[in-house]
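J.: Provided below for reference: sequence and predicted model.
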Protein chains: 2
Amino acid sequence: MFSQTTEYALRAMAWLALSPDTLTPTGQLAEKTKVPTHYLSKVLQQLGDAKLISGRRGVKGGYRLARHPSQITLLEVVNAVSEVKRITSCPLGLANHGPNLCPLHRRIDAVAAATIEIYGNTTLESLLLEPNAPKPLCDTEMTAKLSIGGVPIGTRG
Amino acid sequence: MFSQTTEYALRAMAWLALSPDTLTPTGQLAEKTKVPTHYLSKVLQQLGDAKLISGRRGVKGGYRLARHPSQITLLEVVNAVSEVKRITSCPLGLANHGPNLCPLHRRIDAVAAATIEIYGNTTLESLLLEPNAPKPLCDTEMTAKLSIGGVPIGTRG
């Protein structure tokens, strides 16, 4: 029941977070995230519109994070492509429900609340610094080469 | 980030649960759930394929639940139109990740787990029996008229 676009956006941002100081070519991003290039371009457009990445399109184009990975939560990424909305009043507009949600919409809202909590409490940086865990999107040999701010990933945190 | 179809399916099933012993005409279902008829027909088809409802299409058609509302969870409804899948191995097929998920996919999986817990622990019947809550999809005057198994809603549980 979750959109594929959401996962693709998270993959792209996780990869960009691995080398936040350089432009990553779109082709490399498509290859590493295993997202079709055409689909990825649309996702990148949305992430750019939300000011989460900066860069340029085209053959020599590429993208980088607009802010440090510690300053971007997964929730911001998800919201850039498909907003997670809490339910604050009856979606059917029933007058006697109003802000007092019925049990059905309370359950749907509970799923939104849980999603917001999980993604809102996780930054891109925290994904990379988690000890004893494989790095997102990295095969073994890549992991040792990557760094944040000059400090090799896996030696911090 | 959640599919509209999911909410429409839940609305339809919640409405059918209000009168589980009779066929509800599709037109009435569309009106009460505020779902466009054409869209609703597709949702009903999926719910029928999942054997959650039975009935017949067409002008004189209608639908009813295939089982008692106490025997159908919201998760079954959601899965009928858009399955909630746990992540059990790296979606990118990275050999060194395998079943040991990276922190990104652990977060995505945590959202799936929370969703399954919330929807899996709620039956259609429990939505209708919750005390001091408006009934799903019902305006005030309808609520007093509806019943489950001959017992007016709101007098049980």
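T.: Done, it's in.
J.: Unless I misread the structure, residue A:55 falls within a helix.
T.: No. Judged by DSSP: H, G, I helix; E, B strand; the rest coil, residue A:55 forms no part of a helix; its state is strand.
J.: Would you map the strands across chain A?
T.: Assignment of strands within chain A using DSSP state E yields the ranges A:24-25, A:53-56, A:62-65, A:147-148, A:151-152.
J.: How much space separates residue A:11 from residue A:128?
T.: 14 Å (C-beta to C-beta, to the nearest Å). C-beta: built from backbone N, CA, C; applies to glycine.
J.: neighbour-wise, which of the two wins?
T.: Taking residue A:11 and residue A:128 together and counting by other C-beta atoms under 10 Å in any protein chain shown, residue A:128 has the greater number of neighbours (28 against 25).
J.: Hmm, the more buried one is touching residue A:137, no?
T.: No. Shown here, residue A:128 and residue A:137 do not form a contact pair, counting by C-beta atoms under 8 Å, at 10.4 Å.
J.: Which neighbours do these two have in common?
T.: A:14, A:18 (C-beta atoms under 8 Å, 6 or more residues apart in numbering or on different chains).
J.: hey, which helix or strand in chain A has the poorest pLDDT?
T.: With mean pLDDT, DSSP states H and E as the measure, the helix or strand of chain A carrying the lowest mean pLDDT is helix A:140-145 (a mean of 46).
J.: residue boundaries of the helices in chain A?
T.: Remark: helices assigned in chain A by DSSP state H are A:4-18, A:26-33, A:37-49, A:74-81, A:103-120, A:124-129, A:140-145.
J.: possible to save those helices as CSV with distance to chain B?
T.: Shown next, in CSV, are the helices of chain A (distance: least, C-beta to the nearest C-beta, whole Å):
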stretch, distance to chain B
helix A:4-18, 5
helix A:26-33, 8
helix A:37-49, 12
helix A:74-81, 6
helix A:103-120, 4
helix A:124-129, 4
helix A:140-145, 5
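J.: Can you say which of these is nearest to residue B:88?
T.: With C-beta to C-beta as the measure, helix A:4-18 is the member of the helices of chain A nearest residue B:88 (15.1 Å).
J.: Next, the buried residues of that closest one.
T.: Of all the residues in helix A:4-18, those buried under the rule 16 or more other C-beta atoms under 10 Å in any protein chain shown are A:5-18.
J.: nearest to chain B, of the strands of chain A?
T.: When those are ranked by proximity to chain B, the top entry is strand A:147-148, at 14.1 Å, counting by C-beta to the nearest C-beta.
J.: Enumerate every residue touching residue A:22.
T.: Taking C-beta under 8 Å, 6+ apart as the contact definition, residue A:22 lies against residue A:64.
J.: between residue A:11 and residue A:128, what contacts are shared?
T.: Any residue near both residue A:11 and residue A:128 by C-beta under 8 Å, 6+ apart counts here, and that gives residue A:136.
J.: Isn't residue A:120 up against residue A:77?
T.: No. The pair residue A:120 / residue A:77 is not scored as a contact, 10.9 Å apart, by C-beta under 8 Å.
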